[in-house]
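> build me a model:
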Amino acid sequence: MKTIEKILCKFIGWNHDILNECGEASHSQLKKLSGALMLMLMMWGVIGYTFANNFLNIHNLFGKLAMAVGFAFIVWVIERIIILTVGKPKLMMSIRVILAILMAIFGSVLVDQCIFRNDIMEAMEQKTRERIDHEVESRTAVLNEELVRLEAERDRLITECDSVLSEISKTPVIVNKMPNVRKIPVTLADGTTEIRTEVEYSTSVKENPLWPKYRNDSTMLAECNTQIDAFSIRRLNLVDDVNEEFRTKPSGFLTEFIATINVISQSLWSIALYMVLFLILMSIETFVVSIKAADTKCDYEIIVERQLAGRIRAMDERERATMLS
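I've put the predicted structure just below:
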């Protein structure tokens, strides 16, 4: 039994040597504080596990247990601060009550999300469908606007290509004749030399200078058709793509919180159930504060307060003696 008491003293932060000098009231207080703290740790361990499983998408068992231990550890530290505080600090207790209300709201919402899971999923599904319809409508308008622009651009390019090709068909190539003058000396019968001039023509064939423009416009037209086909395919697959995009994203805590509030507010019975859960969690949250704020003190707390008062008096006496000397 002594070993268990030592463990419980370590658990809540009490000094076991001081407890040995106390009566049954202090031993009962130890058990009450330990039981209340254990109950809170178990409750917040479950809440932490649920939070990790439902909202943080932690699929590893060790990750969920680590989150549960983390939640429980935070509560353990907070409650030990209250337990180890000497006297009845009203400000600290008031802050702890406010914190208990907030924690009870958070915990009751998590519990309600498990209880009303099917209703919440149905409400979230309806909300998701509304968001999908709105997104499909918005993206369809953007795609249609872009398709209209591309089709207008395609029509312009087709007209321009036809016009250029018509001009090219009139003169596919351009032939240029270049004269080449040669002077040839010729010896006449009388022995004199005469310079005769001969003109030869060389022909050069070049493509019509409109061909590069036609090829460039044809390339742009092909790219425009490719873009139109791509946008048309996107428009055909838009509903499936938006569905996949929205349904593959995990739902966040805030989304489910809003859905939970909507589900709870639809029925008086669900509101009553939420209030019951809230009051239960609120009561558990304030167990330690209620025990600490009780009018009657156990002899352990009286001994600790007297030790503190004695230390203060001894310090004051030493300080006065130092000043007199």
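> in stretch 110-119, what's buried?
Within stretch 110-119, the residues scored as buried using 16 or more other Cβ atoms under 10 Å are L110, V111, D112, Q113, I115, F116, D119. (Each C-beta comes from the backbone N, C-alpha and C, glycine too.)
> against which helices or strands is the helix or strand harbouring the fourth one packed?
Assignment of secondary structure by DSSP states H and E places Q113 within helix 90-115. In terms of contacts (3 or more Cβ pairs under 8 Å, 6 or more residues apart in numbering; DSSP states H and E), helix 90-115 is packed against helix 24-54, helix 61-84, helix 253-264, helix 268-285, helix 287-292.
> determine which of the ones you listed approaches E135 most closely.
Of all the helices and strands packed on helix 90-115, helix 253-264 sits nearest to E135, with 15.4 Å by Cβ to Cβ.
> mean confidence for that closest one?
Helix 253-264 carries an average pLDDT of 71.
> so how far is that helix from its chain's centroid?
17 Å (Cα atoms, centre = their mean, to the nearest Å).
> with just CA atoms, put that helix into PDB.
Only the C-alpha atoms of helix 253-264 are listed here, as PDB (Å, rounded to 0.1, in the frame of the first residue of the first chain):
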ATOM      1  CA  PHE A 253     -11.500  19.800 -38.500                       C
ATOM      2  CA  LEU A 254     -13.200  23.200 -39.200                       C
ATOM      3  CA  THR A 255     -15.300  21.700 -42.000                       C
ATOM      4  CA  GLU A 256     -16.500  18.900 -39.800                       C
ATOM      5  CA  PHE A 257     -17.000  21.300 -36.900                       C
ATOM      6  CA  ILE A 258     -19.300  23.400 -39.000                       C
ATOM      7  CA  ALA A 259     -21.200  20.300 -40.300                       C
ATOM      8  CA  THR A 260     -21.500  19.100 -36.700                       C
ATOM      9  CA  ILE A 261     -23.000  22.400 -35.500                       C
ATOM     10  CA  ASN A 262     -25.400  22.300 -38.400                       C
ATOM     11  CA  VAL A 263     -26.500  18.700 -37.600                       C
ATOM     12  CA  ILE A 264     -26.800  19.400 -33.900                       C
END
